[in-house]
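Undergrad: can't give you the sequence, but here's the structure:
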C-alpha cells in the first residue's frame, strides 16, 4: 500500500508541508528584496539621485517585517525535525544537521550582526559603512540559501556518504561531494531566479497600484514610482527567460538522477521514444493511465531530452510502492509552467510598451501587472511541491523511505498540533501580511516622511491608527 494512505504519516507530512510552505515565502522574499536594496543603495551612492534613497527606505521597512516573519516561521521547522521526524534526524543528521548548522554559524550570524546597522545606521555610520552592512545582509541571505539548498539537494541526489552498518546512519565521506551534489548547481540557480522574480512582481505590482491610483484621481504619479515600476520590469524582462533556461537545465538533471519524478511530472505511464507533451490530463493511479489527455506529438521527447527521438521514462518502470502521488506532481508542475509563461509574456509586453513609450500609462498592462503580484510566490510554491512530493516515497532519494523517517506519534496528537499551527499561523502571518499591504499602500514619498529611528515603530503605529478601509 502506498505510504500516503498511512494516516499518522499523512498528517505529519501535511503539517510539515504547511509550515515549510508558509516559511519558504519569507526567505525567498528576503533574498530577492535584499538584492534589490543593495542595488538601490549602490545606485544612490553612484548617482546621488534621492529617488533611489527614497525607494531604499521604503522597501527597507518591508524587508524588516519579512525578515522577522522568516525567522519566526523557521524556528518551528527546527522543532519539527525533532518531534515529527526524529528517525530522519537520527539517520541523516550527521550530514543534514551539519549543513544546517553551517547555515546558522555563517549566514544567520552575519545577517543578524549587520541587520541593525542596515535598519538604523544610515545617519550614524556613514554612507560607505552602511552600504557595507547592506551588502553583508544580502550576502548572508545568499549564503543561507546556499547551505539550505545544499542540504535539501543532497536529500534529492545523495553523494559523498557512507552508511554505518551498525546503526544505519548516514556518515560523511566526502564533504565536497555532499555539498556539490549533482542537483545542487541547478537548484540554487533556479531558486535564486525564483526569489528575484517573486520580488520583482511584488515591486512592479506596488508601482502599478500607485500608477492606477494616480490615473483614477487624475494626478501625476511621482517620478519615484515610475522609477520603481521601471526597475522591477527590467528585472522581470531579464530574469524570466533566464529562469526558463535554468528550469530546462534542471529538468535534464532531474531526468538523469530522478527519472521517476520526471515520469510523474509528465504523467507518462509507459516509457517511449518520440513521446508527446501532455498539456492536460487527469492521471489515474488505479488504472495506470492519464485520462482525457491532450498532448502535442513529439514535443515531450524534445523538451526532456532535446531529441525528438529521445526516450522518456514511464511510471510502470517502477514498483507501485515507489511512485509519487502523480496527480499532485502533475498539476503543480503545470501550474508552475503556466505561471512562468505568463511572467515571460509580461516581460516581453513591458519591452514593447517601453519601446512605444507607454509603459506607465497603459491601463490594461498596469492591471495585469497588479494581478500578477503573487505569481512569483505561487510558482515558487508549485515548484517546491513538485520537487518534494515528486521524490516520494523517499526522504533521502532511493535510500531512506518517508515512513522510516517519521516519529512514532499517534494521529490524534498530530491532528491537534496541526490545527493549532493553522490557527496560530493564520493569525500571526495573516496580520503580518495585512501590515505589509498597509505599508505598500503608501507612496514612497509619503512613507519616507518618518525619520530613521521611528521607522519600524512608526510603521506599526500608522497601521493601528489608520482608517479602517479594507486593503
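TA: Happy to help now that I have it. Note that the structure is predicted; figures quoted are calculated from it, not measured.
Undergrad: give me the neighbour count for residue 216.
TA: By the measure other C-beta atoms under 10 Å, the count of residues near residue 216 is 8. Glycine gets a C-beta too; all of them are placed from N, C-alpha and C.
Undergrad: in three-state terms, label the nearest residue to residue 374 once chain neighbours are set aside for me.
TA: Take residue 374 and drop its neighbours on the chain: the residue closest to it by C-beta to C-beta, 6 or more residues apart in numbering is residue 201, 7.7 Å away. In three-state terms, and counting by DSSP: H, G, I helix; E, B strand; the rest coil, residue 201 is helix.
Undergrad: surely residue 201 meets residue 233?
TA: No - here residue 201 lies out of contact with residue 233, judged by C-beta atoms under 8 Å, at a distance of 9.6 Å.
Undergrad: could you find the closest non-adjacent residue to residue 388?
TA: That would be residue 17: by C-beta to C-beta, 6+ apart, it lies 7.5 Å from residue 388.
Undergrad: how about residue 379?
TA: Once flanking residues are discounted, residue 379 sits nearest to residue 339: 4.0 Å by C-beta to C-beta, 6+ apart.
Undergrad: contacting residues around residue 113?
TA: Residue 113 sits next to residue 136 when contact means C-beta atoms under 8 Å, 6 or more residues apart in numbering.
Undergrad: tell me which element it is part of?
TA: Assessed by DSSP states H and E, residue 113 sits inside helix 109-120.
Undergrad: and the next element down the chain from that helix?
TA: Using DSSP H and E, the helix or strand that follows helix 109-120 towards the C-terminus is helix 127-156.
Undergrad: still on that earlier bit, next, count neighbours for the residue nearest to residue 388.
TA: Residues within reach of residue 17, counting by other C-beta under 10 Å, total 14.
Undergrad: same check on residue 12?
TA: For residue 12, using other C-beta under 10 Å, the count is 24.
Undergrad: and if you look at residue 349?
TA: 19.
Undergrad: ok, the nearest residue to residue 318 once chain neighbours are set aside - contacts?
TA: Closest residue to residue 318 apart from its sequence neighbours, by C-beta to C-beta, 6+ apart: residue 260 at 5.0 Å. For residue 260, the contact set (C-beta under 8 Å, 6+ apart) comprises 313, 315, 317-318, 322-324.
Undergrad: check the gap between residue 260 and residue 317 for me.
TA: Distance, residue 260 to residue 317, using C-beta to C-beta, to the nearest Å: 8 Å.
Undergrad: over to residue 364?
TA: 47 Å.
Undergrad: between these two, which one's more packed in?
TA: Shown here are residue 364 and residue 317; by other C-beta under 10 Å, residue 317 has more neighbours (15 against 8).
Undergrad: just to confirm, what confidence does the model report for that one?
TA: Among the per-residue scores, residue 317 holds a pLDDT of 89.
Undergrad: ok but residue 361 is inside a strand, no?
TA: No - counting by three-state DSSP, residue 361 is not found in a strand; it is coil.
Undergrad: phi first, then psi, for it.
TA: When quoted as degrees, to the nearest 10, the phi and psi of residue 361 stand at phi -130, psi 30.
Undergrad: what's the answer for residue 393, then?
TA: phi -90, psi 40.
Undergrad: what about the residue nearest to residue 388, which helix or strand?
TA: Here residue 17 is assigned to helix 7-47, by DSSP H and E.
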